[in-house]
Structure formats: C-alpha cells, structure tokens
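*Asks:* Mind folding the following:
(chains A and B)
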There are 2 protein chains.
Amino acid sequence: MSATTSHGRLSLNQATIKYATLSEALQVAVDAGYRSIGLWREPVQEVGLDRAVDLVADSGLRVSSLCRGGFFTVASGPERDRALDDNRRALEEAHRLGTEILVLVCGGLPAGDRDLVGARERVRDAIGALAGDAADAGVTLALEPLHPMYAADRAVINTLGQALDIAEQFPAEAVGVVVDTFHLWWDPEVIAQIARAGRERITSYQVCDWITPLPADNLLARGVPGDGHIDFGPITAAVAATGYAGDVECEIFNADVWDRPFAEVAALVADRYHALIEPHLP
Amino acid sequence: MSATTSHGRLSLNQATIKYATLSEALQVAVDAGYRSIGLWREPVQEVGLDRAVDLVADSGLRVSSLCRGGFFTVASGPERDRALDDNRRALEEAHRLGTEILVLVCGGLPAGDRDLVGARERVRDAIGALAGDAADAGVTLALEPLHPMYAADRAVINTLGQALDIAEQFPAEAVGVVVDTFHLWWDPEVIAQIARAGRERITSYQVCDWITPLPADNLLARGVPGDGHIDFGPITAAVAATGYAGDVECEIFNADVWDRPFAEVAALVADRYHALIEPHLP
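*Replies:* Numbering: from 1, shown residues only, chains lettered A, B, ... in the order given. Prediction:
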C-alpha cells in the first residue's frame, strides 16, 4: 500500500492499533492508504490538543470521529456536573480536531443502583443538557447503543431502538446514533431500526466482528471482520439503503490484534473491508 | 430448615448444585424445605429414567421442569433428524418424571453459518415439528430466550418478543416461554413482553442475578439473587400481574456457588427468594 491508495469510505479507528501514539497512528493510517482516522481522547490529550490538531493537519487525514463522551448515568450532583462539563470539553476537542462526530458511551448503572429505567432516563436528560452545546460546536452527539452484555457496567442503552427513542427528541444535527455491527448484529429488529434511523440519524457506521468463545475480558471480545459470526452484507446494505454516505469505521478491541504490528493490522482491516463490506455499498 | 418448611413457590434447579448426583440433589432439596426441584437430563440419564422416576417419587418432591431440549438450528438432514428425535425422547422423559415443562435452549449458529435469520426460522420449524409430540405427551415446550451474548453459540432466540413470535403460532398447551431474569433483565421491552405473554404463555419463571465483572467463562456468569445488578421487583411483579401461578425456579451456573456445600447453597437461595422475590408475588 502507498499513500496514493485509498480505501474508499473506510476509516481506521485508532483503538484498533491501541498501543500506537497519536503520531504513530496517523503515520500508520497514511502509509496504509487510509484517508481518515477515528481518534480517542486519551492519546490526543497525551500530546495536548493544540499539538494534536497540528499533527492531524500535517498528516492530511480527515478525522472521522472522536471517541468518547458519555458516562453520565449518575443522579444530579457534583459528579453529574463534572461529567457534563467533560462532555462539553469533548465537544470542543472534536470541533478543534475537525470532526463533526462525538461518540457517546452512556455509562452503566451507578454503583449499588439497580434502577435501570431511572439510569436510562438520566441518559436522556444528559443528552438534553448537552444538545445545545453540541449544536453550538457544530458537532453531533453520536449515541452508541452497546451490546446488552454491557448493560450493567458500560452502557444502559442497548438497542438501536432505544437510542433512537432518545435521539429523535432532539434535532438531528445535535443528536444521532452509531450503528456498530458488534453491538447490534444479534438484534432481530436491527434492519428495521436502521431503516427507522435513516440517513438523518445514522451519524456513524462502525464494523467489527463477534468472535467466540468470548475472551475472558469481555471488553476485548471484538474481531476483525471475517473472523467471527457476523454477516456484514445485510446490515451494510440496510445502512447504505438509508442513503448514509459517511465513513465506515473499523474499531477493534482485541488483545491479539493489539499485539500485531500496526501496519499489518491496518492492511488486514482494509483487505477485509474491500472483501466483506465495500461490495454492499453503492 | 426442616422438611416441614416450605419455600412457597420456589423450586431449586438442580444445576444450582451441579456436582450433586440426582439422589443427593433430591435429598438436599427435601432437607432444605423445598417442595419442588428442576431436573436436568444428564443426571437423570446417569441413573436411568426408571430409577430416576422412583427416586423422585420416594423424595416426595414435585418436578417443576426438565432441562433441556432444543439445539435444533441445523438445516434439514440427519443431524436435524437426530436433534428432533432427541427432543421427542426428552418430552417422554419429562412426562415420566411428572413435569409438564420441557425447557428448550434452541442452539446457536451452526458451524460456519452466518445466516442468523435462517437459523431463527429453523427454530420455528423445529418447534412446529415437535408441537404435536408435545401435546401428545402432555408436556409444554418452554422456549427460553437466552441473553444476546449467547446468540452465536448457544441460542439464536434472544428476546422474549422473539420467543413469543414463535410460541404464538402454536397452541399454548404445546408451546410456551421461559422468563429468566438473567437473560432478559436488560431488555427495555421486557415488562411489556411479559404482559403480552400473559399467564397463557409464561410456562416457567426463573430467577438469577447478573454479576460483574463477567467471569472468564461467560456460561458461568450467573449470580445468586441479590449478588448482582438485577432489580427483581418489577420483573416479578409483572410476571405476577399476568396471573402466572407456577413455580419460581432458581438456576445458577457459577463456579463459586458450585464449590460451596449443597445445603448451604439451597438455604441461601431460599433466603434470597424470601427477601427479594416473594414480596412481589401475590
């Protein structure tokens, strides 16, 4: 691969090569022929936002999304205020980095709290508190439903339908949803809910595979497309049918993938994209 | 506890004390004051069906359910025929053991198969092939939706709504559903789907908790009620509101629980039932 190659709409999420610094990740993506990259706040903050903005500009890459805001399921009080403030900073970071998408992982049940319905209502309220800031920043809050196995400890929003029930209460430029195959592939309603979301609400399309057996750490259960059980055709075709014309981001949390050379992973992801996903795009 | 104690509608599923033989499990349940027990086919087959029937009769316990049939997601052919025959034997075993409930775990994606929609259709077809046998045996096929994290490798039916979509195609005496808190607690539709199921379709109500972090083996992720994140009140109240008057079975797959003395586990489960579940029953 050379820098003149393009992988179409594929974007490499930085978490797929987790141990790369921001500089390294940008170079890996450029060398492997990507035109865009999904960034995470922690490696950006490691170099500082100003420097990160410069590095991105020098790379020539477009930033497809910034990950992540959210974690705002706690009840009113100082902890919730801090969470909302942190989300406002994340919106500003996204804006400065040149992406219009801030991905939100909403957070699980607060410690000792078993009121799942209440936690879900607080997600809606937090989105409501941030929607105006998002519109002001020109950044869309991309609410990501996470797989139900994370309902207790990572995200109380677990289906695309739930995410849309919240997003639809706000203007589409302020609040959208992430369609991530890993989180949603099992849902018997996923195709219908993708159609419901439409081009207007699908803010990001992300691809990675469901592998078995699940690794001991279920946060690292994601596979490179083609290594697992997901049929990428129907979901990709449903997303494409809405008219969604945005990036296809590949974000993989997997200890084995992280241990491989960055360039090898970037090339493998691109190969799988061309084989399994791109044929289902217009 | 003495044999004269009763734990009301609580039934001890044998899998909660997995390392007990059938004889031991029956004695543990009697000694701990249970009046019913949920059995598994493997320990029954270890002693043979005739002997198992005698042991149950001698114990004075009622069998609340037999676990499990299912595993019929393969396409037409000898393997599917064998699976259906095995389910017919399971129906006969349930009948002989005096229970009207055969719990079904429908099976995951066949090896190398990514067609989740097709596998789900084959579950419906298999239920259709067995419904007559179930009615003849006087046993209800209790379709159990399993948590979405098992969609690939254990069960392609993952929500109560999906299970009901299938069950409702058949007479209620032949096909019902299992409401298991562990599998369904995260589902934003669970209360509405319990109401939809109604007394007619809820064949079994099972309780166990969702614990975090998930153990390395996700099949053993279940906790004793009270040890995890589930609020048993709303789900139990919703089941009770349908008029469901059957057993409340406690089935826990958990390596730590299995390593504890059987009698201690049986007593703990009963304590938690009285504290967390019984108050929400009429």
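*Asks:* Buried residues of the longest helix belonging to chain A, list them for me.
*Replies:* Taking DSSP state H as the assignment, the helix of chain A that covers the most residues is helix A:116-137. Neighbour counts over helix A:116-137 (16 or more other C-beta atoms under 10 Å in any protein chain shown) mark A:116, A:119-120, A:122-127, A:129-131, A:133-135, A:137 as buried. All C-beta spots, glycine's among them, are computed from the backbone N, C-alpha and C.
*Asks:* Go ahead and produce PDB holding the CA coordinates of that helix.
*Replies:* Listed in PDB are the C-alpha atoms of helix A:116-137, where the atom choice follows Å, rounded to 0.1, in the frame of the first residue of the first chain:
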ATOM      1  CA  LEU A 116     -32.100   0.500  35.100                       C
ATOM      2  CA  VAL A 117     -35.200   2.500  34.000                       C
ATOM      3  CA  GLY A 118     -34.000   5.500  36.000                       C
ATOM      4  CA  ALA A 119     -30.500   5.300  34.600                       C
ATOM      5  CA  ARG A 120     -31.900   5.300  31.100                       C
ATOM      6  CA  GLU A 121     -34.000   8.400  31.900                       C
ATOM      7  CA  ARG A 122     -30.900  10.100  33.100                       C
ATOM      8  CA  VAL A 123     -29.100   9.400  29.800                       C
ATOM      9  CA  ARG A 124     -32.000  11.200  28.000                       C
ATOM     10  CA  ASP A 125     -31.700  14.100  30.500                       C
ATOM     11  CA  ALA A 126     -28.000  14.400  30.000                       C
ATOM     12  CA  ILE A 127     -28.300  14.400  26.200                       C
ATOM     13  CA  GLY A 128     -30.900  17.100  26.700                       C
ATOM     14  CA  ALA A 129     -28.400  19.100  28.700                       C
ATOM     15  CA  LEU A 130     -25.800  18.800  26.000                       C
ATOM     16  CA  ALA A 131     -27.800  19.100  22.800                       C
ATOM     17  CA  GLY A 132     -27.500  22.900  22.700                       C
ATOM     18  CA  ASP A 133     -23.700  22.800  23.300                       C
ATOM     19  CA  ALA A 134     -23.400  20.200  20.500                       C
ATOM     20  CA  ALA A 135     -25.300  22.400  18.100                       C
ATOM     21  CA  ASP A 136     -23.200  25.400  19.100                       C
ATOM     22  CA  ALA A 137     -20.000  23.400  18.500                       C
END
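*Asks:* The next helix or strand after that helix near chain B anywhere?
*Replies:* On the C-terminal side of helix A:116-137, the closest following helix or strand by DSSP states H and E is strand A:140-143. No - against chain B, strand A:140-143 shows no contacts by C-beta under 8 Å from any C-beta of the partner chain, the least distance being 14.1 Å.
*Asks:* returning to what we had before: and the buried residues of helix A:116-137 near chain B, which?
*Replies:* Among those, chain B is touched by A:116, A:120 when using C-beta under 8 Å from any C-beta.
*Asks:* what's around the nearest residue to A:Leu184 once chain neighbours are set aside, how many residues?
*Replies:* In this structure, A:Leu184 finds its nearest non-sequential neighbour in A:Val190, 4.9 Å apart by C-beta to C-beta, 6 or more residues apart in numbering or on different chains. When neighbours are defined as other C-beta atoms under 10 Å in any protein chain shown, A:Val190 has 22 of them.
*Asks:* I figured A:Val190 was touching A:Ala163, is that so?
*Replies:* No - with contact defined as C-beta atoms under 8 Å, A:Val190 does not reach A:Ala163; the gap is 11.7 Å.
*Asks:* Quick check: residues of the stretch 151-282 of chain A near chain B?
*Replies:* A:151-153, A:158-159, A:161-162, A:185-188, A:210, A:212-214, A:216, A:218, A:228-231, A:234.
*Asks:* rerun that using 7 Å as the cut-off
*Replies:* A:151-153, A:158-159, A:162, A:186, A:188, A:210, A:212, A:214, A:216, A:218, A:229-231 (C-beta under 7 Å from any C-beta of the partner chain).
*Asks:* Buried subset of the residues you listed as a PyMOL selection?
*Replies:* Applied in PyMOL, the following selects the buried portion of these according to 16+ other C-beta under 10 Å:
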select buried, chain A and resi 151+152+153+158+159+162+186+188+210+212+214+218+229+230+231
